[in-house]
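**Student:** need coordinates for the below:
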Amino acid sequence: MPVYVYAILTGLTALLFFLTGFFVYTRDTRRPLYQRCFIFSTSVSLWSLGYFITLLEMPNYLLNITASRLSHAFGAFIPVTYLHFVWIILKRESKKYLFFWAYLFSGLMFCMSLTPLVVKVLMPKMGLQYYPEWGILYPVYSSLFLIFPGYAQFEMGREILRLKGTERTRLIYFFVALGLAFSGGISLFLLIFNLPFPPYLSVLIILYPPMMAYTILVHKFMDIEIIIKKTLVFTGLFAVVMTIVGVVTTIMQTFLGQFISITPMASTAISVTLTILLYDPARKFLTNATDLFLFQKKESIKVILNRLSQNIITILDIDKLGRIMLSTLEESLRLESGAILLKDESESKYKIQDSFGIKIPPSEEFQKNDPLIQYFLAKKKVLNIEDSIQFNGLPPQLKEKLKQFKAHECLPLFLSEDLIGLLILGKKKSDQEFSPDELDYFPTVASQAAIALSNARSIAIQRKSQIEFAQQSKMAAIGTLSAGISHEVKNPLQIIKSATGFLRLNKKLGLYKEMTKEAYENAVLDIIDKIEASVERANGVIERLSAFAKKPKEIKVEPINLERVAEEVLGLLGSEFEKNSIQVKKDYAKNLPLVLADLHAVEQVILNLLVNAGHAIKEKKNNNGSITIHTESNQKEVEISIQDTGSGIAPENFEKIFDPFFTTKDTSRNTEPDAIKGTGLGLFLVREMVKQYGGRIQVESKVGTGTTFHVFFPVHQGNSKNV
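**Tutor:** Alright, predicted model coming up:
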């Protein structure tokens, strides 16, 4: 390694340690941790500075020997200040007498290092012009670097085995950084004792600051990110200056010096000029690079999480919401695993809504008495498993559950006092711990996620229950029409019964004996035709009723002819309307466009409106009541309106008619045949189903005159019109 490169690295070490210690100390001059960090860093910086001066190989021997002895003098405090620094980091009880004698002995070695008893002389060794020759006390001096740092490393190793999570990771980086630094420093002693081993391993000392920087930035050690930012910028500028000086000097002396005569003054002037020209661009570049690669990522994560908390509220599809939530967190935080547990509709257990990176099957259920659920029901706060104090205080059963989920952060999702689910985050792929900013932001994310998941969960339950509700309402409507349906079926059955009885009676009276064979066959065939027609009529009623009453397995969206559906529903209601002297008027538009919806939903809409119209007329006891079905369309919408001449809607009930379970009909167990029964679900389902397919509904009503419901569906684009 060229001597000037070695000198530059040593100078960088001196500057980097000093700046780190200085910025740490000025952040809070009263904190013992920052004070010890400053003292330790300053000791290393002053030791490196003296070593740097000797590596410059200036011709003044007195200057070099003085720099070397001062370097060793300040270096005498490195072992004890390091031990003291580690002692405070480990939060051990203060041992005043131990450190009193340790500092006293180091002070004594400081004084001795200024004499030939430690560094006798400087002499050429292995290509270095000035290198120390050991004095009589040098073995004692060097033993300090084995005893105090060795003890500090031993104590840190014990603590690492005890800790878990963030604190353990921080301490491991600190342990490795200091171990490398002291290994590099100790390697200097070999050549001092004339063992032929080059001192170049001492460059390992410079690894300590960047490793500490990584620990501070990634794992939030000592919470001094801005200090590292300043240190890196200043160190980068120093490196630029030293590189310019080194490169210019090398070019001038090695290459151009062979052809032209260049004085040292000229070489220095060129170096200074280049430094001035490049200083500001270098400063801007280093500042931007530091922001971009070390600090911008944290800000971008906050932006992504903020965007997530805003956007998830608008997603009502529970499956889509879970995927988006986890995929966004996986991408922004670069997670290895994650899962969402959500309370099911029974309110008694929790299921895995969505997950990635875990082996727990989605079908696994977690009852309310599960340790995982019970913990968050009791604590009601985010669990940071990377915090060893929190983790060590958990019950063994809960630890096992969290291990299955590969959990590092658990966010309980509360809505008021109701735990609707859990958001479980695994570790980051980079092995970074979650930052304080992220931990502070997680409760907000949990709150927003809880609201979004609760809304989507309610919609999912509502959609799942919609078929059940619609079926209940449909069957209730059919119940009110039972008399008419019975009439529809009984009439053809009566015809069949009469025809067969008439055939049997004629045979018993011998009326067929006087007929010719041809006349007899014609008479029998005529009766058979009546029986077949009646069977077809009854079968048609039963098929329509069965198809209408049949519970759909799923919602199926398809092009629908509104008029055809209205006719099929009227086929079921016809007898009921005839029984109550209700006239049905039809005002269908020609070439009405199709609409895109679910057939069962449209049947339900028209059925409920027609049944309500019939009830309103029956309630008014209007012997000349009528229902008018009207259809029309424009380029965007198809309208079907149902107008009745019934009792109308009272003003105080007008705003409530679409509320679920609101009804003015009889909800008791009244068995009177004329009692108009209701569930309060009909109009609620009508509005929800119309809205589901992009439609709208309007109501006009006047008490004593009647009510008109206008239902609008969007025109199905790209389909032919009704014919």
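**Student:** quick one: pLDDT of residue 697?
**Tutor:** We have a pLDDT of 92 for residue 697.
**Student:** pull the contacting residues for it.
**Tutor:** 686-687, 690, 709-712 (C-beta atoms under 8 Å, 6 or more residues apart in numbering). Bear in mind the C-beta positions are built from the backbone N, C-alpha and C, glycine included.
**Student:** what about residue 370, how many residues nearby?
**Tutor:** The number of residues packed around residue 370, counting by other C-beta atoms under 10 Å, is 16.
**Student:** tell me where the model's unsure across the stretch 51-200 of the chain.
**Tutor:** Along the stretch 51-200 of the chain, the parts satisfying pLDDT under 70 run over 94, 164-167, 170.
**Student:** re the thing from before, the contacts of residue 697 in helices, which ones?
**Tutor:** Residues of those located in helices (DSSP state H): 686-687, 690.
**Student:** can you put those in TSV and add pLDDT, distance to residue 30 and neighbour count?
**Tutor:** Supplementary listing: those in TSV, determined by pLDDT from 0 to 100; distance: C-beta to C-beta, whole Å; neighbours: other C-beta atoms under 10 Å:
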residue	pLDDT	distance to residue 30	neighbour count
686	81	72	25
687	84	67	20
690	87	69	19
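**Student:** and those residues as CSV, adding distance to residue 631?
**Tutor:** Converted to CSV, those look like this (distance: C-beta to C-beta, whole Å):
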residue, distance to residue 631
686, 17
687, 20
690, 15
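**Student:** pretty sure residue 658 is in a helix, no?
**Tutor:** No - residue state for residue 658 (DSSP: H, G, I helix; E, B strand; the rest coil) corresponds to coil; a helix is not indicated.
**Student:** I'd say it and residue 687 touch.
**Tutor:** Yes - distance between residue 658 and residue 687: 4.7 Å, which falls inside the contact criterion (C-beta atoms under 8 Å).
**Student:** please parse this protein into its domains.
**Tutor:** Residue ranges for the domains of the chain, per automatic domain parsing: 3-221, 224-292, 315-461, 481-550, 557-723.
**Student:** who wins for proximity to residue 308 among the ones you listed?
**Tutor:** Residue 308 sits nearest to domain 315-461 of all those, at 4.9 Å, using C-beta to C-beta.
**Student:** now do that closest one: distance to the chain's middle.
**Tutor:** 9 Å (C-alpha atoms, centre = their mean, to the nearest Å).
**Student:** kindly tell me how buried residue 345 is, as a neighbour count.
**Tutor:** 11.
**Student:** scratch that, residue 47 is what I was asking about
**Tutor:** As a measure of burial, residue 47 has 25 neighbours, counting by other C-beta under 10 Å.
**Student:** for it, which residues are in contact?
**Tutor:** Per C-beta under 8 Å, 6+ apart, neighbours of residue 47: 71-72, 74-75, 78.
**Student:** same thing with residue 520?
**Tutor:** The contact partners of residue 520, by C-beta under 8 Å, 6+ apart, come to residue 512.
**Student:** okay, it and residue 497: tell me how far apart.
**Tutor:** With the distance defined as C-beta to C-beta, to the nearest Å, residue 520 ends up 22 Å from residue 497.
**Student:** sorry, back to before: among the contacts of residue 47, name the ones in helices.
**Tutor:** Residues from the contacts of residue 47 lying in helices, with DSSP H as the criterion: 71-72, 74-75, 78.
**Student:** residue ranges of the helices in the stretch 451-600 of the chain, please?
**Tutor:** Taking DSSP state H, counting those that start in this stretch as the criterion, the stretch 451-600 of the chain contains helices spanning 482-509, 517-549, 562-579, 599-620.
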